[in-house]
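>>> my questions are about this predicted structure, shown below with the sequence.
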Protein chains: 2
Amino acid sequence: MPTPPRTSLPEIVAAGRSILEADGLGGLTMQRVAEEVGVRSPSLYKRVRSRGDLIGLIADSVADDLAATMDAAASDDDPEDDLRAIANAFRAFALAHPNGYALVFARLPEDARIDPERNARAAATLLRTAGRLAGPDDALAAARTVTAWAHGFVTMELAGAFRLGGDVDRAFAYGVDHLAGALESSGAPAPHVKAGRSQGHSEAR
Amino acid sequence: MPTPPRTSLPEIVAAGRSILEADGLGGLTMQRVAEEVGVRSPSLYKRVRSRGDLIGLIADSVADDLAATMDAAASDDDPEDDLRAIANAFRAFALAHPNGYALVFARLPEDARIDPERNARAAATLLRTAGRLAGPDDALAAARTVTAWAHGFVTMELAGAFRLGGDVDRAFAYGVDHLAGALESSGAPAPHVKAGRSQGHSEAR
DNA sequence: ACCTGAACACCGTTCAAGT
DNA sequence: ACCTGAACACCGTTCAAGT
């Protein structure tokens, strides 16, 4: 005799994500999730293969939001401004959702990885901006340089690894500015060189 | 009646580190460690406050090795060559010890963090090289930019996040070259400008 | 002083039994 | 078709009891 479902996969993922954000990966237990969606933990296995599977689904969900945030930050006007805006949005997202963010770049088991199309879509905005700065041939390498830097920076910031004093905000701005200058100078078509670049590295022409 | 110790803290840390490297953080159980050093798991708590504490000690140990590796890579000759050498050594270490490396930059609880002096010592080599490239005022921001980039890059590489094709080795080389160029151009004393810089970004002057 | 077995609270996961 | 209690194997950690 059929029984009506008492929860759903989206609800489970959403509950898992909010628990993760609140209490970290260690606090994300199947029992907490079950309690949150009003069910007993064995029932979760009707919609989810394992805790690892659930973690992968949460990572997908966060990755989508991060991609949307970066997308919204780009205006497709001046590429250097866009790079700065994307980087700032990226950092703000990571600082606002540290535990979810960590999952997006975590070393997950093969089957829990973010799927390829989602990955490509998430990379698209930055890839386009990087291509406009560094030229089509270097677009991928340039995008990887920027992503690596931004990810490394916020990861270290979240880990509390910047403990030598100094202004962390300034170090971030320093990084974007110098990366933008370095990538742009690397032989792209460089269609419109604006008169007043932002600051500090005008010698990099 | 006193009993002679059957193990020691260094032995425990070393065992934990080799288990971590072989089986990941999930495989690092107190029972596995105890078995490895020939004792029962409750005995470990004589030398270690908790599993988290042990993880912190392992992180310290790996951080020391990483710092030594970077130190050995620098020759204090041409700073750009040094930057490249340090970055390559950093990446090689991370790829060779992925699980231990992850711990060094992990978001550990406050009390398990790598201690400040160790942190400063680990940063010293790169800070010096960055200072020779970017000038004393920008040394810290420049070192942070390079460290963030290198850490982000290898983390993404280890996570399998580079899935858009392309040559990952080339992307790494591209990153060092452009970072070196960008930092150097940022207004340092720049004592000896070599005639033949490496490649590709000679327009960045 | 160090080590141990037993115990506790807590996991993820399975499964037979219920509706 | 979905949900549940009970059970299993496995954690980290504590502690009284042994030497």
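Cool, the structure landed. The shown structure was predicted, so the numbers you read here are calculated from the model rather than taken from an experiment. Numbering: from 1, shown residues only, chains lettered A, B, ... in the order given.

>>> what helices or strands is the helix or strand where residue A:94 lies leaning on?
If you go by DSSP states H and E, residue A:94 is part of helix A:79-96. Secondary-structure packing of helix A:79-96 (3 or more C-beta pairs under 8 Å, 6 or more residues apart in numbering or on different chains; DSSP states H and E): helix A:51-73, helix A:116-134, helix A:139-159, helix A:168-184. For the C-beta atoms, the positions are set from N, CA and C on the backbone; glycine is no exception.

>>> kindly calculate the angle that the first one makes with helix A:139-159.
Orientation of helix A:51-73 against helix A:139-159 (axes from the mean of the first three to the mean of the last three C-alpha atoms, to 10 degrees) gives an angle of 110 degrees.

>>> could you see whether DNA strand C lies near helix A:51-73?
Yes - Helix A:51-73 reaches DNA strand C (C-beta under 7 Å from any atom of the strand) through A:51, A:52.

>>> for chain A, which residues are neighbours of DNA strand D?
With C-beta under 7 Å from any atom of the strand as the criterion, chain A comes near DNA strand D at residues A:1, A:2, A:3, A:4, A:5, A:6, A:7, A:39, A:40, A:42, A:43, A:46.

>>> wait, which of these is closest to chain B?
Closest approach to chain B among the residues of chain A next to DNA strand D (C-beta to the nearest C-beta): residue A:42, at 22.3 Å.

>>> dead centre of chain A: give me the residue that sits there.
For chain A, the residue nearest the mean C-alpha position is residue A:66 (4.8 Å; C-alpha atoms, centre = their mean).

>>> need the contact list for that one.
Residue A:66 makes contacts with A:90, A:93, A:101, A:104, A:122, as judged by C-beta atoms under 8 Å, 6 or more residues apart in numbering or on different chains.

>>> against residue B:4, how distant is it?
Going from residue A:66 to residue B:4 by C-beta to C-beta, to the nearest Å gives 56 Å.

>>> show me where chain A dips below the pLDDT cut-off.
Applying pLDDT under 70 to chain A flags residues A:1, A:185-205.

>>> quick check: chain neighbours aside, which residue is closest to whichever residue of chain A sits closest to chain B?
Residue nearest to chain B within chain A: residue A:152 (2.7 Å; C-beta to the nearest C-beta). Distances taken as C-beta to C-beta, 6 or more residues apart in numbering or on different chains put residue B:152 closest to residue A:152, at 2.7 Å, once the chain neighbours are dropped.

>>> the one you found against residue A:155, yeah?
Yes - counting by C-beta atoms under 8 Å, residue B:152 does reach residue A:155; the two are 6.8 Å apart.

>>> more crowded one of the two?
Between residue B:152 and residue A:155, residue B:152 has the larger neighbour count (other C-beta atoms under 10 Å in any protein chain shown), namely 27 against 22.

>>> what residues are up against the more buried one?
Here residue B:152 is in contact with A:147, A:148, A:149, A:150, A:151, A:152, A:153, A:155 (criterion: C-beta under 8 Å, 6+ apart).
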